[in-house]
Each structure stands twice: as C-alpha cells, then as structure tokens.
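Engineer: Task: produce atomic coordinates for the following.
(chains A, B and C)
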Amino acid sequence: MAEKRRIIIHLDMDHFYTAVEERERPEIRGKPVIVGADPKGGKGRGVVSTSNYLARASGVRSGMPISQAYRLCQDAVYLPPNFPLYIRVSNEIMQIARHYADRFEQWGIDEAFLDVSGRVGDFTEAEALAGKIKQEIREREGLTASIGVGPNKLVAKIASDFQKPDGLTVVREEEVEVFLAPLPVRKLLWVGRKTEAKLKALGVNTIGDLARFDSESLKSMFGVMGWQLHLMALGLDESRVEEREGMKSTSHETTFDEDTADEAAILKALDELCVGVIEEVEKQHLLFKTVTIKIRYQGFETHTRARTLPFLTNRLHDLQKTARELLATNLQKDRKVRLLGVRVSSLVSGEKQKTLI
DNA sequence: TCTGGGGTCCTAGGACCC
DNA sequence: TCTGGGGTCCTAGGACCC
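Structural biologist: Reported below is the predicted structural model:
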C-alpha cells in the first residue's frame, strides 16, 4: 500500500545568536559580531558559537577556535553567549511555528521540522505557507529564517541550507535527484568530517557519486550507517516528524582557563559542576541512577568513567560523593587537566516515580 | 589551527541470568 | 575437559548534531 505523500518544512533561523544580539543592541548593527569564547586578545581558548555574515565575510566560521577568529577579524564585536535570552526567543519562535504544523519537532535551539501534509494540497501551497511563517517570525520577532520544503525531513533540511539567509527553497519529489546530485556528501545528515574523509578515499565526493556507489559495499564498510547512506543519497527518508519528549541525560562541563594539576582546584570545579547538574535535575523534577565524569587532559586525551547506583536519587550529596570517587580512582597524578565534566543519566521523572511508589 | 558546551545514538565487550 | 544460546544491563569510546 502506497504511503500518502508527505510535505515537510524545515525551519532554520539565520545566524541565530548574533541575530538576537543585534536585535537587542542597535549599537552593534552593521559590525561583524561573534558570539563565543572570550578571545582575550588572541590568547583565549574555546570556539566561535555563531558569527554574523559580516564576520563570515572575513572567513570566520562556527566551531573555529576563537584565537583564529581573532586573527581573521580583530575589529569584530565579541560577545559571550546569553543562553537564557536565546532560549526565551527560541520558545517564542517555536510557538509561532508549531501552530502551522500537524506534527512538529524542534531540532536544537533554532531549527524545527513541520509536517504540513494535512494542511496543504501541494508544494505550491506549501511554499505560500512557508512564506507566511517567515513573515510572522519577521513581524513578531524581528528575525529572519531560512526555510526548506521537501518530501521528507532529509530533503527539507538540505533545502533550508541551500539559500541563506532569508531563503525559501522548495524541492518537489520529481526534483530531488537533480537537486541532490551535485551537492557534497557533507551536506547529508550524519555525514560529518570522519565519514566525509572515508567516502572521499573511495572517490565519493558528491551525493550523486554516493547514489551510484554499490549499496552492498557501503553496507559492508559502514554497517547500518552504510544502508542509511545509500537511502539518503537517493533522497529517501521515511523518518517521521516527532516531538521528542523526556531528556535522556543532563550534564555540565567546564574547560579551565589554564590546564591545571592543582587537586584542590580540580575538586572545587567538580563540586561546582555537580551543583549545576543538580539544579537542572530539580528544575526538571528528575531522578537519576547513573553518574558519568569526563576528564580531558592536556593534549586533548579524553576519558569518561561511569557508575550506576543501585537506587534513584536527586541528592547533591550522592552526586558529589560518586563523582569524587570516580575522579579519585581514575585521575592520573601529575597530569594537567584541561576539562572536567559531570553527567547524570538513567533518568526518571520524579513526579511519575512518586505515583509509582 | 588547536580544538566549548549541551545533547543523541551506535558499537563492542563483559557480566550476569535463565 | 570443554563448554549453548538468548536476553538485559552496564561501561567506554566515538561520531554526529546545534
């Protein structure tokens, strides 16, 4: 039995963090703006979270070391991230978008998928609907978004990235193959740096190359992922637009300003991370069973150590005690530490738990 | 070039149970 | 002495997303 044809919209806010900052601070408009770590005159550690298009013109990109961004664009306005603000604005935008969709799925802080199959008869009507969504976001929030419309989530997502900023790209079912073929494989969801490199070694550069590649070889080389790669290259994706509910884990981590072997400073940082995690656990009314700590040494070597408790808890004392024990038995003496992290998982809603007991 | 902080999912091996 | 099969849970690492 043939599935009903779907029409999916992907909404992607343009350079979200910097766009929000520019909206809130008229004095920085017209300048390159970079949200991320403190550059500290070129000596800062950390990376660029988001940069506006003026900064991108100098070569600045998300994820780039902030020291490198500083060399490329010294006259930019550098701002620390203001997550409470971005989350507030994000919630307002998601409210707007949600009411245009039969099914809605938020994706990160500034993206969303909308299944509008039941609301529009064809892609032309979907394009008009997408225009209305962009307009409402512009009028109510003073921000621009780029939208992609396609027969599934994969194509819609790639389409939203096709023309930016303030873009609107529609890819009909019969146009999918021609649209995807010339694009680099890196545009596919789940194809990151590593997979891109492996594919390149096979002579696969574009999505078209991948579509022509033998699917059995892909499966034997990449396992489950290989089959997925084959389907994606053909523009096929049956995954549903689905609201995710229930966090699986929550964590805090911090990179020291300077790598340190000072045990007192390390323990203090660990305790503070635990406090932050417990605040989130309490806010969300959660109980947890598994504690994981993360240690990154000087040189970027990273380890995780986990322990599952025989009981559910939301107590700071349990977290700090477990985290300290995991650290004590795994910390390599006299090695400088770059980063420390604390995560809790095996989460259960505390309210639900009460009714179970 | 020198690599944040918040997440999700997958894989592989080992423990343990029936 | 040599040794099953299936299932679940746990740990560690890694790829990927925004």
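Engineer: check whether stretch A:153-165 contacts DNA strand B.
Structural biologist: No - Stretch A:153-165 lies apart from DNA strand B when judged by Cβ under 7 Å from any atom of the strand; the minimum separation is 14.0 Å. C-beta coordinates here come from the backbone N, C-alpha and C atoms, glycine included.
Engineer: longest helix in chain A, by residue count?
Structural biologist: Longest helix of chain A, by residue count under DSSP state H: helix A:263-283.
Engineer: Next, count neighbours for A:Glu238.
Structural biologist: By other Cβ atoms under 10 Å, the residues close to A:Glu238 number 10.
Engineer: Kindly apply the preceding question to A:Gly118 instead.
Structural biologist: Count around A:Gly118 with other Cβ under 10 Å applied: 11.
Engineer: do the same with A:Leu229
Structural biologist: Close neighbours of A:Leu229, defined as other Cβ under 10 Å, add up to 26.
Engineer: pLDDT score for the closest residue in space to it that isn't next to it in sequence?
Structural biologist: Distances taken as Cβ to Cβ, 6 or more residues apart in numbering place A:Leu218 nearest to A:Leu229, at 5.4 Å, with adjacent residues excluded. At A:Leu218, the predicted lDDT confidence score is 92.
Engineer: do A:Thr355 as well
Structural biologist: 49.
Engineer: And for A:Glu351?
Structural biologist: 72.
Engineer: Surely it forms part of a strand?
Structural biologist: No - assessed with DSSP: H, G, I helix; E, B strand; the rest coil, A:Glu351 is helix; it does not lie in a strand.
Engineer: burial measure for it, as a count.
Structural biologist: A:Glu351: 10 neighbours (other Cβ under 10 Å).
Engineer: now A:Glu174
Structural biologist: A:Glu174: 8 surrounding residues under other Cβ under 10 Å.
Engineer: sec struct for it, please.
Structural biologist: helix.
Engineer: got a pLDDT number for it?
Structural biologist: For A:Glu174, the predicted pLDDT is 98.
Engineer: For A:Leu129, give me phi and psi.
Structural biologist: phi -60, psi -40 (degrees, to the nearest 10).
Engineer: just checking, it touches A:Val120?
Structural biologist: Yes - contact criterion Cβ atoms under 8 Å: A:Leu129 and A:Val120 qualify, at 5.7 Å.
Engineer: and the strand or helix carrying the residue nearest to A:Leu229, C-alpha only, in CSV?
Structural biologist: A:Leu218 is located in helix A:215-222, with elements delineated by DSSP states H and E. What follows is helix A:215-222 as a C-alpha-only set of coordinates in CSV (Å, rounded to 0.1, in the frame of the first residue of the first chain):
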residue,chain,number,x,y,z
SER,A,215,25.0,-0.4,-1.9
GLU,A,216,26.3,-3.8,-0.7
SER,A,217,29.8,-2.4,-0.5
LEU,A,218,28.5,0.6,1.5
LYS,A,219,26.8,-1.9,3.9
SER,A,220,29.9,-4.0,4.4
MET,A,221,32.1,-0.9,5.0
PHE,A,222,29.8,1.2,7.2
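Engineer: and that helix, what does it pack onto?
Structural biologist: helix A:193-201, helix A:224-233 (3 or more Cβ pairs under 8 Å, 6 or more residues apart in numbering; DSSP states H and E).
Engineer: now check the first one, is it near DNA strand B?
Structural biologist: No - when contact is scored as Cβ under 7 Å from any atom of the strand, no part of helix A:193-201 falls within range of DNA strand B; the minimum is 10.1 Å.
Engineer: Next, the spatially closest residue to A:His10 that is not a sequence neighbour: secondary structure please.
Structural biologist: Closest residue to A:His10 apart from its sequence neighbours, by Cβ to Cβ, 6+ apart: A:Ala156 at 3.8 Å. Per three-state DSSP, the secondary structure class of A:Ala156 is helix.
Engineer: Quick check, A:Ala156 in contact with A:Ala130.
Structural biologist: No - applying Cβ under 8 Å as the test, A:Ala156 and A:Ala130 come out as separate, 9.9 Å apart.
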